[in-house]
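1. Sharing a model that was predicted from the sequence below.
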Amino acid sequence: MKIVKRIIALVLIFLLVQSGRATTAAAFSIGEEREVGEKLLYAVRSSFPLLGDPDLHQYINRIGQEVLEVAGIQFFDYRFYIVESNQFNAFAAPSGFIFFYSQLIESMNSEDELVSVIAHEIGHVVKRHLASRMQKGTAVTIASLGLALAAIALGGGGAGTQALLTGSLAAGQSAQLYFSRQDEAEADHLAYKWLKDLHRDPEGQKRMLQTMRRITRYRMNQVPQYLLTHPDPEARLDYVESLISADGLKDQGLSEEKEFGFLRFKYRILSLTSDNGSARAYLAGKISDSRAPAFEISMARYGMAQIDRRENNYTQALSGIDKVIEAFPGQNILQVDKGIILAEMGKNEEARTILETAAKANPSDMYAEFNLAKVLMKRGEKDRAKQLFLDVSYRMPEFSQVYFEIGKISAEQGLTLESRFYLGKFNIYEGKIKLAEANFKQVAESNDVDDKMKEESEAMLELIERLKKG
């Protein structure tokens, strides 16, 4: 069923990005790149699970913005997404939408490795390599680009995906989306430079390429060449090693302070996406390794606590998170993790106290604020919960779940049209375009809502029309 759904998604993406005219490579402007990116983003939303939890969103976007600060002025507003997928891939879509597959993140061992991949993908967008591919192939249209990108997003390998792609793209067209060795060298050189500008260790880039080489060798016979969008990791590794050697750089080692955030991020994703048995075995191996540093053992315990929480073993989860807090008493985000466990145990008063303290300690932490609002809603404090949810929606406008929570409160307050409006926003950010359209039409056609909500509903309907026309 999943394979059928994804093949349908591929067709949907093709229809969404197909322009009404055959736009040639030479006409592929920045505006058209934005158009393709926007339509592809909504198609991906409709068919692939995106991990949008506030803590994960805040972390990866913060890292991405760090790279952008040294990358200079940009044509596009970059956004970073985590796709739940067992494919080892990262994907830079047109106009600065960058997708990281959960399996890729789980394969990493340090923040510098993650930064190197983010920087590499930003490098492709900065150099406009996809646009360049089109400029070199006059037969490539926005439509065919969208279909090929869709196949990349699917991760390749399935017979249906291959047939659909090869039936819609000539070999010469699909080859235009295969980054050349020069493209990869340019993106790697930018990533290397930005890592140094950020005072990060380029050894992370080297380690990531070593992992890519190993996995590419393992999967070479399973993945078609036209989906291997980042070719020749062996040559790329040689190139980065030569840069490190020329600069006389030495491995800086791992910083516990820096790696805490990364390992927490990695193990949160692991607990959300992996089979519990295999994840538990992996973490148990880390905990029982007598050679492992105490820091890594504590972080593995954190991952184990998250798996216990997922399996509703709340007593074990609470005991585990307390041990991690003892090891890292200054990490405020662990208090939020504890508050969530207490809330799921039904201990709402204890959860409220912890989450309120955490939210006050870091007012910009939407992870704390969102979960505090959920606890307040359980306690019947709907007005305050709603205000907190609205604040989260303002700071994280693409976080779909917050709109569902606001819509639920509005419905309970008898504000039917307001509830429809927020459910419309929930649906559009979940990629459920038809449901969103029905929600926004009800609001736009009514005279019983305030002008701002009516205007925003009309704007959303215009967006939906653009997405539907393709």
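-> Arrived safely.

2. Which residue is the nearest non-sequential neighbour of residue 411?
-> residue 419 (4.1 Å; C-beta to C-beta, 6 or more residues apart in numbering). C-beta coordinates here come from the backbone N, C-alpha and C atoms, glycine included.

3. That neighbour: what's it in contact with?
-> 407, 408, 410, 411 (C-beta atoms under 8 Å, 6 or more residues apart in numbering).

4. How much space separates the last one from residue 78?
-> Just to be clear, that refers to residue 411. 35 Å (C-beta to C-beta, to the nearest Å).

5. Next: the second one.
-> Residue 408 is 32 Å from residue 78, where distance means C-beta to C-beta.

6. now do residue 108
-> Taking C-beta to C-beta, one finds residue 108 at 20 Å from residue 78.

7. shaky segments in the stretch 201-350 of the chain?
-> 218-231, 254 (pLDDT under 70).

8. Try it again at 90.
-> Within the stretch 201-350 of the chain, the ranges that satisfy pLDDT under 90 run 211-237, 239, 247-258, 273-277.

9. Pull the contacting residues for the closest residue to residue 96 other than its chain neighbours.
-> Nearest residue to residue 96, sequence neighbours excluded (C-beta to C-beta, 6+ apart): residue 76, at 3.4 Å. Residues in contact with residue 76 (C-beta under 8 Å, 6+ apart) are 30, 33, 34, 37, 95, 96, 125.

10. ok, which stretches of the stretch 201-350 of the chain are helices?
-> Ranges of helices in the stretch 201-350 of the chain, per DSSP state H, counting those that start in this stretch, are 203-219, 233-247, 256-273, 276-288, 294-310, 314-327, 332-344, 348-361.

11. Of all the ones you listed, which one is nearest residue 82?
-> helix 256-273 (6.8 Å; C-beta to C-beta).

12. Any chance you could list what contacts the closest one?
-> Where contact means C-beta under 8 Å, 6+ apart, the residues beyond helix 256-273 that reach it are 51, 53, 55-56, 59-60, 82, 84, 102, 105-106, 108, 110-111, 114, 279, 282-283, 295-296, 299-300, 302-303, 306-307, 309-310, 328, 331, 333.

13. mind redoing it with 7 Å?
-> Contact with helix 256-273 is made by 51, 55-56, 59, 82, 84, 102, 105-106, 108, 110-111, 114, 279, 295, 299, 302-303, 306-307, 310, 328, 331, as judged by C-beta atoms under 7 Å, 6 or more residues apart in numbering.

14. what angle sits between it and helix 332-344?
-> Interaxial angle of helix 256-273 relative to helix 332-344 (axes from the mean of the first three to the mean of the last three C-alpha atoms, to 10 degrees): 30 degrees.

15. Would you confirm that residue 55 contacts residue 367?
-> Yes - with contacts counted by C-beta atoms under 7 Å, residue 55 reaches residue 367, the gap being 4.0 Å.

16. Who has more neighbours out of those two?
-> Between residue 55 and residue 367, residue 367 has the larger neighbour count (other C-beta atoms under 10 Å), namely 24 against 20.

17. buried sites along the one helix or strand that one maps to?
-> Element membership of residue 367, judged by DSSP states H and E, is helix 366-378. For helix 366-378, burial by neighbour count (16 or more other C-beta atoms under 10 Å) applies to 366, 367, 368, 369, 370, 371, 372, 373, 374, 375, 376, 377.

18. For residue 355, see how far away the fourth one is.
-> Note on residue 369: its distance to residue 355, by C-beta to C-beta, is 8 Å.

19. the more surrounded of residue 408 and residue 78?
-> Set residue 408 next to residue 78 and count neighbours by other C-beta under 10 Å: residue 78 wins out with 21 against 18.

20. all strands of the protein, in order?
-> Assigned by DSSP state E, the strands in the chain fall at 79-83, 90-93, 97-101.

21. Which of the ones you listed has the lowest mean pLDDT?
-> For the strands of the chain, the bottom mean pLDDT is recorded on strand 90-93, which sits at a mean of 77.

22. and it, what other elements does it pack with?
-> For strand 90-93, the helices and strands in contact under the criterion 3 or more C-beta pairs under 7 Å, 6 or more residues apart in numbering; DSSP states H and E are helix 30-47, strand 97-101, helix 111-126, helix 142-154.

23. how about these, which one is nearest residue 351?
-> So among the helices and strands packed on strand 90-93, helix 111-126 is nearest, using C-beta to C-beta, at 29.6 Å.

24. who touches that closest one?
-> 63-64, 67-68, 71, 76, 78, 90, 92, 96, 98, 105, 108, 183, 186-188, 190-191, 194-195, 200-201, 204-205, 207-208, 258-259, 261-262.

25. mind checking how far it is from the chain centre?
-> In terms of C-alpha atoms, centre = their mean, to the nearest Å, the centre of helix 111-126 is set 14 Å apart from its chain centre.

26. Stretch 320-330 now?
-> 27 Å.

27. what number of residues lie near the nearest residue to residue 66 once chain neighbours are set aside?
-> Nearest residue to residue 66 in three dimensions, chain neighbours excluded: residue 198, at 6.2 Å (C-beta to C-beta, 6+ apart). By the criterion of other C-beta under 10 Å, residue 198 has 16 neighbours.

28. Make a ChimeraX selection of whichever of the contacts of helix 111-126 turn out to be buried.
-> Per 16+ other C-beta under 10 Å, the buried members of these correspond to this ChimeraX selection:
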select :63,64,67,68,71,76,78,90,92,96,98,105,108,183,186,187,188,190,191,194,195,200,201,204,205,207,208,259,261,262
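
29. if we can go back for a sec, hang on, isn't the residue nearest to residue 66 packed against residue 70?
-> Yes - if you go by C-beta under 7 Å, residue 198 and residue 70 touch, sitting 5.9 Å apart.

30. any idea how far the residue nearest to residue 96 is from residue 247?
-> 30 Å.

31. And for residue 397?
-> 41 Å.

32. quick one: residue 46 and residue 429 touch, right?
-> No - if you go by C-beta under 7 Å, residue 46 and residue 429 don't touch, sitting 10.6 Å apart.

33. can you list the domains in this protein?
-> Annotated domains of the chain cover 2-247, 399-470 [automatic domain parsing].

34. quick one: the shortest one to chain centroid distance?
-> Between the mean C-alpha point of domain 399-470 and the mean C-alpha point of its chain there is a distance of 24 Å (C-alpha atoms, centre = their mean).

35. State the mean pLDDT of it.
-> 93.

36. number of nearby residues for residue 123?
-> For residue 123, using other C-beta under 10 Å, the count is 24.

37. what about stretch 435-451, start to end distance?
-> Stretch 435-451 stretches 22 Å from its first residue to its last (C-alpha to C-alpha, to the nearest Å).

38. what comes into contact with that stretch?
-> Contacts to stretch 435-451, defined as C-beta under 7 Å, 6+ apart, come from residues 417, 420-421, 423-424, 427-428, 453-454, 457-458, 460-461, 464.
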